[in-house]
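Engineer: output the structure for:
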Amino acid sequence: MSRLANSSSSSTTSVASLPAALEKVNCDSRFLKIECVKDKVDLELGSRRFFDKSPEGAQARKTYLTVFLGGTFMVVLMIFTILPIYWGSLWKTPTRNLDGWVVDFDGGFVGQSVSQALASNAGSQSRVSWTVIPATNFPGGPQELLEAVRDEQIWTAVAINPGSTSRLFAALTAPNASYNGAEAITAYAVEARNENAYRSLIRPSLQGTLDILSRTMAQRLAQNNANSTALASILAASPQTIVSPVYYTIHNLIPFDQAVATASTFVGMLYQVIMGFFVVMIAQTAREASGYHKTLSTKNLILLRFSSSTFAYFLISLFYSLMNLAFQLDVTRKYGRGGFMVFWVVNYIGMLAVALALESLITLLTVRGIPFFMLLWIITNLSVSIFPLEVMPSIFKYGYAAPFYNLSRALRTIVFGTKSHMGQSVGILIAWVVISCITLPLIQWFVRRNETRTPVVSEESGEGVGQGRVSYESRSTL
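Structural biologist: The predicted structure is shown next:
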């Protein structure tokens, strides 16, 4: 009977202690970092006020203010450390002029006058530094010069067309109603190479400089022909010969003629980083919810992170590219019908280049620190994607190796048919992918190594835990 009573008592105690045991298991869960609150009253909704004077309330208020004010200070610090990178890229730009060529294919009065005027940088607001190039360098004439600009050997070029002087003097001698002074000068540029440079620097410089030159030559010729016996007949039959004897035409060789392309060649790159950030956070949450961040070996965890990220970016880049097609972005100008596949692959590599860096560093920076790095990553990339690096402060020369700069160049080749730097641009993007593939395992190994170092109590010098000698050992999870 005694044995039966003891058994019954033991069973009753075990059942009674079951809720407490379950509560203890939930509190000690390795996968959910939740601090258990023993006071049941504290768990009730609305049980405290912000200025609660109890010790628990004071501690909660202190914790809240520390986290909130500390985070706000970090944002303010970010304003003065990260955002100025972008502002600085625009503040004094252009710090240098773009280069331009002047080629005299005329060899007469008009050609010499225009060449001398441009070489002396006529027009104080010009953002182009002109260099006179001998016409013998272009045996194919203006067409060969045009191809040199299209080939991005120079940002812009001015050609004084053959026969400009002879046509002008012939019209001054015998009135010609069909005379067109704009046939004398042709300026070449490629807007699709950098639309901001073309619209803000190249075209205004060409217009300002050549307008001054045109007015100057009109005044000079009007004075020289003021006493001409043919002046009255010229003014009657072809007044443009006197009013505008020498004018110009700007030939935009590759126009930025798809407004929707701005979404893929500039803003879309920012969206790729943001979408990559979402994938990083989703993957991090999935690993923590499943417990894989603790239970998997280091090798398997690294393989899981790589496979998850590359698969997600593969799908996202595909649907991102298809969305561009839905808005009728023409990607066939350079590679024909295969242009979409090239467009997709370039976007996929670009997304890997910018997003794997986030995947790599989230282990080290944690969820709380990765947004600050993401902003730095975005700002440093966007800053070198607005204007040509040639006109920006020298500190921004890093842009030649930046993912956004090279991704934008590759996309412009596909969308507009500009000169192909595909090998160099994609090569640099792949280099960034390789860097992330190296740093991700190293960082994961380093963090896992620190996590697996656990305290071991040695009882050689005492009987209790508090009296023992504490040492550390690492558990291998490779």
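Engineer: please count neighbours and contacts with C-alpha atoms only from this point.
Structural biologist: OK.
Engineer: what residues of stretch 193-203 count as buried?
Structural biologist: Within stretch 193-203, the residues that qualify as buried by neighbour count (16 or more other Cα atoms under 10 Å) are 193-195, 197-198, 201-203.
Engineer: before we move on, what about stretch 304-314?
Structural biologist: Using 16+ other Cα under 10 Å as the test for burial, stretch 304-314 gives 305-306, 309-310, 313-314.
Engineer: mark which of these are part of helices, please.
Structural biologist: Using DSSP state H, 305-306, 309-310, 313-314 are the members of these that sit in helices.
Engineer: of the residues you listed, just say which sits nearest to P388.
Structural biologist: The shortest approach to P388 among those belongs to Y313, at 29.2 Å (Cα to Cα).
Engineer: tell me the pLDDT at that closest one?
Structural biologist: Looking at Y313, its pLDDT stands at 97.
Engineer: please list all residues in contact with it.
Structural biologist: Counting by Cα atoms under 8 Å, 6 or more residues apart in numbering, Y313 touches 276, 348, 351-352.
Engineer: re earlier: rebuild the ones in helices among the buried residues of stretch 304-314 as CSV, extending it with distance to F51.
Structural biologist: As requested, these are exported to CSV (distance: Cα to Cα, whole Å):
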residue, distance to F51
R305, 44
F306, 48
S309, 45
T310, 49
Y313, 47
F314, 51
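Engineer: what sits against I202?
Structural biologist: For I202, the contacting residues are 127-128, 156, 189, by Cα under 8 Å, 6+ apart.
Engineer: strands of the stretch 51-200 of the chain, start to end?
Structural biologist: Secondary structure of the stretch 51-200 of the chain by DSSP state E, counting those that start in this stretch: the strands cover 98-104, 128-133, 156-160, 185-189.
Engineer: among the ones you listed, which is nearest M422?
Structural biologist: Of the strands of the stretch 51-200 of the chain, nearest to M422 by Cα to Cα is strand 185-189, at 21.0 Å.
Engineer: paired strands for that closest one, with orientation please.
Structural biologist: Paired with strand 185-189 in the same sheet, following DSSP bridges, are strand 156-160 (antiparallel), strand 248-252 (parallel).
Engineer: what does stretch 346-361 rub up against?
Structural biologist: Outside stretch 346-361, the residues within contact range by Cα under 8 Å, 6+ apart are 272-273, 276-277, 280, 309-310, 313-314, 317-318, 321, 370, 374, 403-404, 407, 410-411, 426, 429-430, 432-433, 436-437, 439-441, 443.
Engineer: number of nearby residues for A283?
Structural biologist: Neighbours of A283 under the rule other Cα atoms under 10 Å: 18.
Engineer: check S436 too.
Structural biologist: 22.
Engineer: OK, contacts around it?
Structural biologist: Residues in contact with S436 (Cα under 8 Å, 6+ apart) are 353, 356-357, 360.
Engineer: could you rerun that using 7 Å?
Structural biologist: Residues near S436 by Cα atoms under 7 Å, 6 or more residues apart in numbering: 356-357, 360.
Engineer: of the residues you listed, keep whichever come out buried.
Structural biologist: For these, a burial check counting by 16+ other Cα under 10 Å picks out 356-357, 360.
Engineer: for the strands paired with strand 185-189, which one ends up most surrounded?
Structural biologist: Stretch with highest mean neighbour count among those: strand 156-160 (a mean of 27; mean count of other Cα atoms under 10 Å).
Engineer: ok, back up a step: state the pair within the contacts of Y313 that is farthest apart.
Structural biologist: Maximum pairwise distance among the contacts of Y313 (Cα to Cα): 11.0 Å, between G276 and Y348.
Engineer: out of those two, which sits in the busier spot?
Structural biologist: Shown here are G276 and Y348; by other Cα under 10 Å, G276 has more neighbours (24 against 21).
Engineer: restricting to C-alpha, output the helix or strand hosting the more buried one in CSV.
Structural biologist: For G276, the enclosing helix or strand under DSSP states H and E is helix 268-290. Below are the C-alpha coordinates for helix 268-290, written out as CSV (Å, rounded to 0.1, in the frame of the first residue of the first chain):
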residue,chain,number,x,y,z
GLY,A,268,15.6,49.9,-61.8
MET,A,269,19.1,49.2,-60.4
LEU,A,270,18.0,50.7,-57.1
TYR,A,271,15.0,48.5,-57.1
GLN,A,272,17.2,45.4,-57.7
VAL,A,273,19.1,46.2,-54.5
ILE,A,274,15.8,46.6,-52.6
MET,A,275,14.4,43.3,-54.0
GLY,A,276,17.7,41.6,-53.1
PHE,A,277,17.3,43.0,-49.6
PHE,A,278,13.9,41.5,-49.3
VAL,A,279,15.3,38.1,-50.3
VAL,A,280,18.0,38.4,-47.7
MET,A,281,15.6,39.2,-45.0
ILE,A,282,13.1,36.4,-46.1
ALA,A,283,15.9,33.9,-46.1
GLN,A,284,17.2,35.0,-42.7
THR,A,285,13.7,34.7,-41.3
ALA,A,286,13.3,31.2,-42.9
ARG,A,287,16.5,30.0,-41.4
GLU,A,288,15.7,31.2,-37.9
ALA,A,289,12.1,29.9,-38.1
SER,A,290,13.3,26.4,-39.1
